[in-house]
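>>> test case, fold it:
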Amino acid sequence: MTLSRPRAAWLTAAAVLAAYALTLAPGMTFYDSPELALVAAELGVGHPVGQPIHTLIGFVFAHLPGVPATLGLTLLSAIAGALCVLPAWSLADALAGPARAGRELWARALPLFGGGLSMIAWEPSTRVEVYSLASLLVLLALARLADPTRRGRGVLAGALLGLAAGAHLVIAAAGVAAALAIALGELRRERELRQERETPELSIPRGAGAFVGTAALSYLYLPLAGARAPETFAWGAPTSLDAFLSYVRGEDYGHNQGIDFPTWAEHLVDLTEWSFAHGTLPVLALGAVGFVALSRRGLRLALPLTATVTVGFVAANVVFHPDVPDYRGYFLAPFWLCLAGVAGLAQVAARHDRYVRYAPLAAALPLLALVVSPTHLLERRDDPSLADVMAHGALEEAPPDAILVVSADHWVAPLLFAQEVEGVRPDVAIVATGLGSSRWYWEHLFARHPGLTPMTLVGPGGRAGRLRRLLQANPERPVLLESIALGEPLGLLPCGVGWMVWTEGACEAGGPEAHVASAAIERTAPLSGEALEVAARVNERRGEALWRFGRARAAARAMMAALPPSGLGRPLPGDLPDRGPPLTGPLPDWSREAALHDPARNLVFTGLLLRSVGRPGPAVQLVDEAAALGLEGAGYARQQITAPP
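Residues are numbered from 1 along each chain as shown. All right, here's what the predicted structure looks like:
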């Protein structure tokens, strides 16, 4: 790339990196991060449709001397995210010309720095994820194509997009669409310049060849890594042609496809409302105007095309909520293009005396947006990491040679990472019900646990049938469950509650201590975002099981662990009895939409529990707080609590 004022560009990127370094996640987070860390640390294969370039580069960062694997991989995200400043700077050069010293330079640097701190750029750059790396590669390709002074730009841009495809296929597809638009516009420009005896430099066929070749080499990693299965975690074991095609088609995620147009449009509205609530909508609007107005020919389409592909893909998810943090990563490339547009407009305004008064406002707009939504920079992240605490706690409390049956993603990947990468309790067999339909997963499980007696995979009952046959083949092993609801289809009766629900046979040598897990969750407080929702969901599962045992005090503490210090609910009464009427029947399905779990549910259920042990006053307070948060059914719960006995 050609960078005007390269020292200022690098200093801006360094300032963004410093902000990321100060706010990094201290360990594992949730969603895909633990799985991506797992496959990078052991050179495995992650979920479809694959992230081979992130895995290969991540392997280096996961093994930095003296640096924990998760920290090294988070640093990879932060470095890639901060380096997005450089192609955005180069694209601003293409929009507004080189930045001159003085006010033009500040008009260029300030919006790129401020935008780098926004929620959209910050979220995927401060935890283990693929998005910042993929977006950086796409932005580098577009910046290279937009720079007519560079020779061989088509081939290098194609190679960069091929590498991006190996980091994230959807983001790379958005980049390819934008690159084609830029290239076609540049070819038209070259035809005009040819009349002035200037030789064209851009070759679309060679660029396309570089893209296909690099992407193909990237995905060659999948069967090579799959050959290391079953000892290594290799999703789908894509070593045969059929398995490889099934993997890259994403057939495991077929349930999340097939949305209708009205729902898709509704999701677009939700995303727009989210952007407005977090202060980024004005930045996006101004950036889009600046980018399109200042661009020449094909470059003008780069932003609309990348936004259409990435935003349209996110809105097409059947399982959808605008607060899912992964979605921010999809928007990273078009967001940096918008920031280049803001920087270009601010620079043009600073250059002309007639508009110079507007330059500071335009340049400062991304920073001003942080006034609307600064919490991601100010709130304490869970430290120690809640995912680390949960995984280590559940493994370390398990009896020798136990079988842990888990279903939720926030349990599966952190447990696998703690065991396979960090070496915690290799004797414990982690059985993920969501992967129970896949032969490759069972082969991996038995390879990691050779003492586990295999069972027949083919048989009646689907996944539950396989689990029952596994337990029947290993009757001597104690069994622990993520929740009490998992026990019924497996024919298991609960006998105790710690991090997990222990079942008959596991408690023979002494059961778990519920207060240990509750205290561990409390030590991670205050919590926010996904960590708060995961903590509340784990609390609810543990609290429900304890309530069914009639252990009132332990159940209430489990339900509310870490919530009052996080700003939800209030401390429990100190005079709660140890025992109370056990819960019978299912918990009411009162909820409002949430990405993972609504902590207001915990307030209502704790309120009902307090009422059952004769504490109606604190019970009403908790339920009223849940009602203020918008939980459906909280009003009816209040009627139950206040009704005469």
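
>>> and what about the residue lying closest to Ala394 once chain neighbours are set aside, helix, strand or coil?
In space, and not counting its chain neighbours, Ala394 is closest to Trp499: 4.0 Å by C-beta to C-beta, 6 or more residues apart in numbering. C-beta here means a position set from N, CA and C on the backbone, and glycine is covered the same way. For Trp499, the reduced secondary structure class is coil; criterion used: DSSP: H, G, I helix; E, B strand; the rest coil.

>>> residue ranges with poor pLDDT in the stretch 251-400 of the chain?
In the predicted model of the stretch 251-400 of the chain, residues 254-258 satisfy pLDDT under 70.

>>> now do the helices in it.
261-277, 281-294, 302-315, 326-330, 332-351, 359-372, 375-378, 386-397 (DSSP state H, counting those that start in this stretch).

>>> can you classify Ile430 by secondary structure?
If you use three-state DSSP, then Ile430 falls in the strand class.

>>> who does it bridge with?
Leu404 (DSSP bridges).

>>> could you chop the protein up by domain?
The chain resolves into domains spanning 6-378, 386-512, 528-642 when parsed by automatic domain parsing.

>>> just want the phi and psi numbers for the residue nearest to Ala394.
Listed backbone geometry of Trp499 is phi -70, psi -40, with angles given as degrees, to the nearest 10.

>>> kindly report the same for Leu480.
The phi/psi pair for Leu480 (degrees, to the nearest 10) reads phi -120, psi 140.

>>> ok, how many other residues are close to it?
For Leu480, the neighbour count with other C-beta atoms under 10 Å is 27.

>>> roughly how far apart are it and Met559?
Counting by C-beta to C-beta, to the nearest Å, the gap between Leu480 and Met559 amounts to 20 Å.

>>> tell me the pLDDT at the residue nearest to Leu629 when sequence neighbours are not counted?
Counting by C-beta to C-beta, 6+ apart, Ala600 is the residue found nearest to Leu629 once chain neighbours are left out, at 4.2 Å. At Ala600 the predicted local distance difference test score is 96.

>>> quick check: Ala600 vs Met559, distance?
Ala600 sits 12 Å away from Met559, going by C-beta to C-beta.

>>> just Cys84 next, same as before
With distances taken as C-beta to C-beta, Cys84 is found 42 Å from Met559.

>>> these two - which one has more neighbours?
Neighbour totals were compared for Cys84 and Met559, and Met559 leads with 31 against 27 (other C-beta under 10 Å).

>>> for this structure, what's the longest helix?
Ranked by number of residues, the top helix in the chain under DSSP state H is helix 169-194.

>>> any buried residues in it, and which?
169-183, 185-187, 189 (16 or more other C-beta atoms under 10 Å).

>>> okay, the angle between that helix and helix 332-351?
Computed with axes from the mean of the first three to the mean of the last three C-alpha atoms, to 10 degrees, the direction of helix 169-194 lies at 40 degrees from that of helix 332-351.

>>> from the chain's centre, how far out does helix 169-194 sit?
Once both centres are worked out by C-alpha atoms, centre = their mean, to the nearest Å, helix 169-194 turns out to sit 31 Å from its chain's centre.

>>> same check, this time on stretch 293-309
The gap between where stretch 293-309 is centred and where its chain is centred comes out at 27 Å by C-alpha atoms, centre = their mean.

>>> between the two ends of it, what distance do you get?
The first residue of stretch 293-309 is 21 Å away from its last residue (C-alpha to C-alpha, to the nearest Å).

>>> about what we covered before: what is the neighbour count of the residue nearest to Leu629?
Ala600: 28 surrounding residues under other C-beta under 10 Å.

>>> show me the contacts for it.
Ala600 makes contacts with 568, 592, 625-626, 629-631, 634, as judged by C-beta atoms under 8 Å, 6 or more residues apart in numbering.

>>> can you rerun that using 10 Å?
Under the criterion of C-beta atoms under 10 Å, 6 or more residues apart in numbering, the neighbours of Ala600 are 536, 563, 568-569, 590-592, 594, 622-623, 625-634.

>>> any idea how far Ile79 is from Trp122?
Distance of Ile79 to Trp122, given as C-beta to C-beta: 14 Å.

>>> common neighbours of these two, please.
By C-beta under 10 Å, 6+ apart, Ile79 and Trp122 have these common neighbours: Tyr20.

>>> between these two, who's got more neighbours?
In terms of neighbours (other C-beta under 10 Å), Trp122 is the more surrounded of Ile79 and Trp122; the figures are 22 against 18.

>>> element containing the more buried one, please.
helix 119-122 (DSSP states H and E).

>>> what mean pLDDT does that helix get?
With pLDDT averaged residue by residue, helix 119-122 scores 95.

>>> helices and strands around it, which ones?
For helix 119-122, the contact count by 3 or more C-beta pairs under 10 Å, 6 or more residues apart in numbering; DSSP states H and E identifies helix 6-22, helix 69-83, helix 103-116, helix 261-277, helix 326-330, helix 332-351, helix 359-372, helix 375-378 as packing neighbours.

>>> which one of those is the most hemmed in?
Among the helices and strands packed on helix 119-122, helix 332-351 has the highest mean neighbour count (mean count of other C-beta atoms under 10 Å), at a mean of 29.

>>> so which other helices or strands are in contact with the helix or strand of the chain with the lowest mean pLDDT?
The least trusted helix or strand in the chain, going by mean pLDDT, DSSP states H and E, turns out to be helix 169-194, with a mean of 83. Applying 3+ C-beta pairs under 10 Å, 6+ apart, one finds that helix 169-194 makes contact with helix 131-145, helix 153-165, helix 204-219, helix 302-315, helix 326-330, helix 332-351.

>>> include distance to Pro238 when you put those helices into TSV, please.
Output for these, formatted as TSV (distance: least, C-beta to C-beta, whole Å):
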stretch	distance to Pro238
helix 131-145	20
helix 153-165	16
helix 204-219	9
helix 302-315	22
helix 326-330	23
helix 332-351	27
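
>>> out of those, the one nearest Gly607 is which?
If you check each of the helices and strands packed on helix 169-194 against Gly607 by C-beta to C-beta, helix 326-330 wins as the nearest, at 32.8 Å.

>>> starting at the chain centroid, how far to the closest one?
Relative to its chain's centre, helix 326-330 lies at 7 Å (C-alpha atoms, centre = their mean).

>>> same deal with stretch 79-93?
Between the centre of stretch 79-93 and the centre of its host chain there is 22 Å, according to C-alpha atoms, centre = their mean.

>>> can you check stretch 9-20 too?
On C-alpha atoms, centre = their mean, the centre of stretch 9-20 falls 23 Å from the chain's centre.

>>> I'd guessed Pro426 sits against Leu416; true?
No: counting by C-beta atoms under 10 Å, Leu416 is not a contact partner of Pro426; they are 11.6 Å apart.

>>> isn't Ala509 up against Pro478?
Yes: shown here, Ala509 and Pro478 form a contact pair, counting by C-beta under 10 Å, at 8.8 Å.

>>> between those two, which contacts overlap?
In the contact map built from C-beta under 10 Å, 6+ apart, the residues linked to both Ala509 and Pro478 are 399-400.
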